[in-house]
Each structure stands twice: as structure tokens, then as C-alpha cells.
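>>> Below are the sequence and a predicted model for it; my questions follow.
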Amino acid sequence: MNPTGTVCNNIERLCKTVLQPLRDDVGRSIFITSGYRPYELNRLIGGSESSEHINGNAADFVVAGMTPYETCQRMIELGLEVDQLIHEFGRWIHVGLRDELRGQRLTAYRDAGGTRYVNGIVRLEDLT
């Protein structure tokens, strides 16, 4: 399914206000590993029913030559306004937008009980 209308506008906003400014600043390639996901695909991969990926408002990505932690820190230094910035498992970054931006910064990690979140952007090794 190809995105149209509002979804396309949301993708454009995410690119123009977050991803491209980051790319311009760091001068490196950004690799989006998950962007817009139609509802059915999101369901099939086990995504949250309220995922902003469904609306084109979120992307998971990495930056060439930078760790996800370094990338998150640079995004904060740049003052990029986002709804969610999540350092996920030390492997990628999730960034999300919505109409009302909460400025939420989280780090996700896994333990025996499943996925856990802590406030702030932290190195995984600092969680033990």
C-alpha cells in the first residue's frame, strides 16, 4: 500500500524537521530501517496498535559511523524537536512526531522480564 494524503505530509515533515537537519549536521548517511508501516504490516510484525509508524510520523534508523547513543546525543545538542527519541537496545534510534510534542527521551533495553524503558538517553552498559 502506498501512502497518500496526510501520511505523505507526515513523512515529509519528519524528513524536513528531523532527519535531513541531522544528516546535514553530521554529514553522514542515514539508514532508515523502518519508516511508514501500513496497519496490517504493523500488526504482522507485532508493532503497537498506537504506533506512529502507521501514520508516517515515526522512523527507526542508524547513522553511518555513529553509535545510536552518539546519534541521540547529537540530536539533543541540535535541539531537534520530537515527540519521542528512543535509544533502542543500543542498536538503532526511534524518532517520532505528533501534533503535540512531549519531548520524551527514553532508552529501551531487554532483561529476563522483557523490554524495559528508562527515562533519558543512556548507554546500555550504564544500566547494570
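Structure's in. What do you need?
>>> May I see the buried residues of the helix or strand residue 41 falls within?
Using DSSP states H and E, residue 41 falls within helix 39-44. For helix 39-44, the neighbour count (16 or more other Cβ atoms under 10 Å) marks residue 42 as buried. For the C-beta atoms, the positions are set from N, CA and C on the backbone; glycine is no exception.
>>> do stretch 86-103 as well
86, 87, 88, 92, 93, 94, 95, 96, 97.
>>> Output stretch 92-107 as CSV, restricted to C-alpha atoms.
Provided in CSV are the C-alpha atoms of stretch 92-107 (Å, rounded to 0.1, in the frame of the first residue of the first chain):
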residue,chain,number,x,y,z
TRP,A,92,19.0,1.9,16.5
ILE,A,93,17.1,5.1,17.2
HIS,A,94,13.4,5.5,17.1
VAL,A,95,12.1,9.0,16.5
GLY,A,96,8.5,10.0,16.4
LEU,A,97,6.4,13.1,15.9
ARG,A,98,2.8,14.1,16.7
ASP,A,99,0.9,17.3,16.7
GLU,A,100,1.7,17.8,20.4
LEU,A,101,5.3,17.1,21.1
ARG,A,102,6.1,15.6,24.5
GLY,A,103,9.9,15.7,24.1
GLN,A,104,10.1,12.2,25.5
ARG,A,105,13.6,10.7,25.7
LEU,A,106,13.9,7.0,26.6
THR,A,107,16.4,4.2,26.5
